[in-house]
Every structure is written in structure tokens, then in C-alpha cells.
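J.: Predicted model, plus sequence, below.
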Amino acid sequence: MSAVASKERLMTIVLGPHVSEKSSRIAEASNQIVFRVRRDATRVEVRRAVELMFDVKVDAVQVANVRGKVKRFGSTLGRRADWKKAYVTLSEGHDIDFLGAE
């Protein structure tokens with residue numbers, strides 16, 4: 001894989017931050033940020049993508065596959081899509097500010 005193709009793939013790995021009560025608590029307590037990532041992404045790819053996109057140093061990455069919930073649509077049953085999330089631990093002194101406020 002060429003360097004350009006590799007960089008293009010890394011730019012598509014992180015889909016966005018996952019905001020929830022748990023992710024907010026984790027961010028304050030242990031300098032971790034939770035991201036939604038592609039289902040075929042690996043830990044190494046998530047690490048490289050976050051370091052490339054946000055210019056930070058990543059200590060560790062844990063990934064979790066989340067199963068989609070079964071929901072009702074009237075009388076029919078439906079199912080949300082499965083997705084993957086990554087818990088990214090940042091090194092001391094590094095932070096990602098999504099709001100851009102200083």
C-alpha cells in the first residue's frame with residue numbers, strides 16, 4: 001500500500017467522537033476519549049489516525065464492538081447497525097479540544 005493510499009485510509013478510520021455520560025466521565029477521570037471508528041479498523045490504525053488527525057501522542061487504544069439494538073417500527077421488528085468504538089488514552093500533557101474554546 002502506498003503512503004498516499006495509507007494516509008487516505010487513516011483519514012477515514014475515525015468517524016467522530018462518541019458523546020455519552022460514560023465517555024464524559026472517562027474523559028475527566030483518565031484522559032481517555034471515545035471515538036466511533038470503522039468496523040474494520042484495528043488498534044494500530046486507530047492510534048495512527050488519531051495521532052495524524054489531532055497531532056497528539058496516544059498511549060493506548062482499546063476497541064469494543066457494539067451490537068445494534070433491536071427496535072420496533074410499528075408492528076415490524078428492525079435492527080440498528082453494529083458499530084465499533086475505540087477508547088483512546090492520551091499521553092500526559094496532550095488533550096483534544098473538540099469545541100475549539102481555549
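T.: Received the coordinates, thanks.

J.: so where do the helices sit in this protein?
T.: Here the chain has its helices, by DSSP state H, at 3-13, 21-30, 43-54.

J.: Quick check: which of those is buried the most?
T.: Taking mean count of other CB atoms under 10 Å as the contact definition, the stretch among the helices of the chain with the greatest mean neighbour count is helix 43-54, which reaches a mean of 18. Quick note: C-beta positions are derived from backbone N, CA and C, even for glycine.

J.: Now do that one: which elements does it pack against?
T.: Helices and strands in packing contact with helix 43-54 are listed as helix 3-13, strand 14-17, strand 32-37, strand 58-66, strand 83-90; criterion 3 or more CB pairs under 8 Å, 6 or more residues apart in numbering; DSSP states H and E.

J.: possible to save those as CSV with distance to E51 and mean pLDDT?
T.: Conversion of the helices and strands packed on helix 43-54 to CSV gives the following (distance: least, CB to CB, whole Å; pLDDT from 0 to 100):
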stretch, distance to E51, mean pLDDT
helix 3-13, 9, 87
strand 14-17, 11, 94
strand 32-37, 13, 96
strand 58-66, 6, 96
strand 83-90, 10, 96
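
J.: In TSV: the ones you listed, plus distance to S24.
T.: Putting these into TSV (distance: least, CB to CB, whole Å) gives the following:
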stretch	distance to S24
helix 3-13	23
strand 14-17	11
strand 32-37	9
strand 58-66	17
strand 83-90	13
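
J.: quick one on the thing from earlier: and of the helices of the chain, who's closest to V66?
T.: V66 lies closest to helix 21-30 among these, at 12.2 Å (CB to CB).

J.: Report the backbone C-alpha coordinates of the closest one in CSV.
T.: Coordinates of each C-alpha in helix 21-30 appear next as CSV, following Å, rounded to 0.1, in the frame of the first residue of the first chain:
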residue,chain,number,x,y,z
GLU,A,21,-22.4,10.1,30.2
LYS,A,22,-19.8,7.3,30.4
SER,A,23,-17.5,8.9,27.8
SER,A,24,-17.7,12.2,29.6
ARG,A,25,-16.8,10.6,33.0
ILE,A,26,-13.9,8.7,31.4
ALA,A,27,-12.5,11.8,29.8
GLU,A,28,-12.4,13.7,33.1
ALA,A,29,-11.1,10.8,35.1
SER,A,30,-8.4,9.1,33.0
